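**Student:** heads up, no residue letters with this:
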Ligand SMILES: C[S@@+](CC[C@H](N)C(=O)[O-])C[C@H]1O[C@@H](n2cnc3c(N)ncnc32)[C@H](O)[C@@H]1O
């Protein structure tokens, strides 16, 4: 790998006598890792585990995930191992408290799907992405993870700042110069320049300042990047602490994890370096906002007057049986589409709808067409799905791949009507069986487009 000369000049002094082993590690193959969604797939395999994440595992080589139907059920997420360290903040600082969390720069959703798996079911996650096309990918990944207490939004950080003291925890996984991605993404090397590092540092400060008011006093800010330089990392953390008012908090880490301490000022921040940890470059810091913990309940119903009150019209009906524990949900309709959202957070949901641009929220149950109720993919993926409300068909790998390609299916042995297809015990999606064929209800935008199906793509679990 040919590194930019300016990068060498800037980074070599930080690493000192570790420079050679660092550059050697950059020439090695990136490790492949996945994080299981234990709510969907509980039998964890006997594979090398990611030391700082109990559901994280390394794979011996990178398979074609596209052609593994389990990947599409949301049983696991392909996530870079170092990034899984975010889970430690939730384990050590959030624990089982009920919290409102904002993941500000969330697409494609690695950290959001992880956070959703760690917070309590009464908690709320707002997963935001400013770029619309990326917000759609985020929404797809959130939907596949199946957690009902997540709202996906598409806003600039400055739209969220006015939601004063609404969030207990904010994660800013900031857009950065990407030095930590050099090995995985060679384009990151081409885009790197001293000027870009400076621009990133300034943009990161703007993003943090724009959203800062939405974090309650005493709340936790998790700041992370996938870059090494001190400008985007240590200097920004010091700036947050000094200018915005926050205490930098330590995490308990095992010495075996080989996490590198701060490059400057001896602050409790965490660097993942590829020659020391099995993963890509990553940086993380935790800060607690100064001030007294105010009562956040006052914010539950406060609305942005310009946008008015969101209309939630509760509806009754058989569709409720599609969810387990359905008494915990508020059901509502919008343009003939039916949704469910956890009642415990319905006021917060209304508040968010009145402030932010919604991409998706809770469970999209189905659509009414005439007398028909067409169940949606979000319902099939949901952890709250009541599978006994549907006729079930267990399918094999080839049928699953064909279904994911949105090809027509035949289930002549099965009853007519809606069928829930199950792969290795996990729901994959719906078809409408009309006898001689079954209409495929898999979302068109999610379908496998590649015609190639590697014969040797053996399942790794
Ligand atoms: C490092 S990526 C996030 C990765 C994500 N957290 C995950 O774990 O899957 C940074 C994200 O910030 C978004 N972004 C870019 N410019 C931004 C801005 N000015 N404000 C907020 N987000 C921005 C990018 O579109 C990108 O999705």
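**Tutor:** Cool, got the structure. Being a predicted model, the structure only gives us computed values, none of them experimental.
**Student:** what's the following helix or strand after the longest helix anywhere in the chain?
**Tutor:** Secondary structure assigned by DSSP state H gives helix 194-211 as the longest helix of the chain. Scanning forward in sequence from helix 194-211 by DSSP states H and E, the next helix or strand is strand 215-225.
**Student:** what packs against that following strand?
**Tutor:** If contacts are counted by 3 or more Cβ pairs under 8 Å, 6 or more residues apart in numbering; DSSP states H and E, strand 215-225 sits against helix 86-89, strand 167-173, helix 194-211, strand 282-289. In short, each C-beta sits where N, CA and C put it, glycine included.
**Student:** list the buried residues of that strand.
**Tutor:** Within strand 215-225, the residues scored as buried using 16 or more other Cβ atoms under 10 Å are 215-216, 219-225.
**Student:** so which of those residues also contact the ligand?
**Tutor:** For the ligand, no contacts are drawn from those by Cβ under 6 Å from any ligand atom.
**Student:** closest one to residue 288 out of these, please.
**Tutor:** Nearest to residue 288 among the buried residues of strand 215-225, counting by Cβ to Cβ, is residue 220 at 5.9 Å.
**Student:** contact partners of the longest helix of the chain?
**Tutor:** For helix 194-211, contacts defined as Cβ atoms under 8 Å, 6 or more residues apart in numbering pick out 6, 10, 102, 104-105, 156-158, 160-161, 170, 172, 174-177, 221, 223, 225, 227, 229, 231-232, 235-236, 239-240, 244.
**Student:** can you flag the buried ones in these?
**Tutor:** For the contacts of helix 194-211, a neighbour count by 16+ other Cβ under 10 Å gives the buried set as 10, 102, 104-105, 157, 160, 170, 172, 174, 176-177, 221, 223, 225, 227, 229, 231-232, 235-236, 240, 244.
**Student:** just the ones of these in strands?
**Tutor:** Mapping the buried ones among the contacts of helix 194-211 onto strands (DSSP state E) picks out 102, 170, 172, 221, 223, 225.
**Student:** apart from its neighbours in sequence, what residue is nearest the last one?
**Tutor:** The spatially closest residue to residue 225, leaving aside those adjacent along the chain, is residue 176, at 4.0 Å (Cβ to Cβ, 6 or more residues apart in numbering).
**Student:** so where's this structure uncertain?
**Tutor:** 294-317, 455-457 (pLDDT under 70).
**Student:** for it, what lies in contact range of the ligand?
**Tutor:** Taking Cβ under 6 Å from any ligand atom as the contact definition, the chain meets the ligand at 83, 105-111, 129-131, 134, 157, 173, 175, 203, 207.
**Student:** hmm, try it at 8 Å
**Tutor:** Within reach of the ligand by Cβ under 8 Å from any ligand atom, the chain has these residues: 79, 83, 103-112, 114, 128-131, 134, 138, 156-157, 171, 173-176, 203, 206-207, 210, 224-226.
**Student:** now those: which count as buried?
**Tutor:** 79, 83, 103-112, 114, 128-130, 134, 138, 157, 171, 173-174, 176, 207, 210, 224-226.
**Student:** domain map for this protein?
**Tutor:** 81-289, 390-450 (the TED database).
**Student:** so which of those domains is the most packed in?
**Tutor:** Neighbour counts (mean count of other Cβ atoms under 10 Å) averaged over each of these peak at domain 81-289, with a mean of 20.
**Student:** how long is that domain from one end to the other?
**Tutor:** Using Cα to Cα, to the nearest Å, the end-to-end distance of domain 81-289 comes out at 28 Å.
**Student:** ok so, going back, for the residue nearest to residue 225, give me its contacts.
**Tutor:** So residue 176 contacts 200, 204, 225-227, 232 (Cβ under 8 Å, 6+ apart).
**Student:** what about 7 Å?
**Tutor:** Residues near residue 176 by Cβ atoms under 7 Å, 6 or more residues apart in numbering: 200, 225-227, 232.
**Student:** between those residues, which is nearest residue 438?
**Tutor:** For these, the nearest to residue 438 is residue 226 (43.6 Å; Cβ to Cβ).
**Student:** phi, psi for the closest residue to the closest one other than its chain neighbours please.
**Tutor:** Among residues not flanking residue 226 along the chain, residue 180 sits closest, at 3.9 Å (Cβ to Cβ, 6+ apart). Main-chain torsions, residue 180, degrees, to the nearest 10: phi -70, psi -10.
**Student:** mind listing what the closest residue to residue 218 other than its chain neighbours touches?
**Tutor:** Nearest residue to residue 218, sequence neighbours excluded (Cβ to Cβ, 6+ apart): residue 293, at 3.9 Å. For residue 293, the contact set (Cβ under 7 Å, 6+ apart) comprises 216-218.
**Student:** residue 323 too?
**Tutor:** Residue 323 touches 329, 340, 384-386, counting by Cβ under 7 Å, 6+ apart.
**Student:** so what sits opposite it in the bridge?
**Tutor:** For residue 323, the beta-bridge partners are residue 385 (DSSP bridges).
**Student:** circling back to that earlier point, with residue 319 as the reference, name the closest of the domains of the chain.
**Tutor:** When the domains of the chain are compared by Cβ to Cβ, domain 390-450 sits nearest residue 319, at 11.9 Å.
**Student:** endpoints of the closest one, how far apart?
**Tutor:** Start-to-end span of domain 390-450 (Cα to Cα) is 30 Å.
**Student:** kindly report the same for stretch 410-418.
**Tutor:** 13 Å.
**Student:** ok now that stretch, how far from the chain's centre?
**Tutor:** The chain centre lies 35 Å from the centre of stretch 410-418; the measure is Cα atoms, centre = their mean, to the nearest Å.
**Student:** again with stretch 342-360
**Tutor:** 18 Å.
**Student:** so what's residue 374 closest to, chain neighbours aside?
**Tutor:** Of all residues not flanking residue 374 in the chain, residue 367 sits nearest, at 4.8 Å (Cβ to Cβ, 6+ apart).
**Student:** whoops, I mixed them up, residue 191
**Tutor:** That would be residue 178: by Cβ to Cβ, 6+ apart, it lies 7.1 Å from residue 191.
**Student:** contacting residues around residue 377?
**Tutor:** Remark: with contacts taken as Cβ under 7 Å, 6+ apart, residue 377 is in contact with 143, 429, 442-443.
**Student:** which of the contacts of residue 176 sits closest to residue 282?
**Tutor:** Lowest distance from residue 282 to these (Cβ to Cβ) belongs to residue 226, with 5.5 Å.
**Student:** gap between the closest one and residue 120?
**Tutor:** 29 Å (Cβ to Cβ, to the nearest Å).
**Student:** same check, this time on residue 17
**Tutor:** For residue 17 relative to residue 120 (Cβ to Cβ), the value is 46 Å.
**Student:** same question for residue 14.
**Tutor:** Residue 14 is 39 Å from residue 120, by Cβ to Cβ.
**Student:** likewise for residue 59?
**Tutor:** On the measure of Cβ to Cβ, residue 59 and residue 120 end up 30 Å apart.
**Student:** tell me where the stretch 351-461 of the chain has strands.
**Tutor:** In the stretch 351-461 of the chain, the strands defined using DSSP state E, counting those that start in this stretch lie at 358-361, 363-369, 372-375, 391-394, 417-423, 426-433, 438-440.
**Student:** so which elements touch the second one?
**Tutor:** So that's strand 363-369. Judged by 3 or more Cβ pairs under 7 Å, 6 or more residues apart in numbering; DSSP states H and E, strand 363-369 is in contact with strand 337-342, strand 372-375, helix 377-381.
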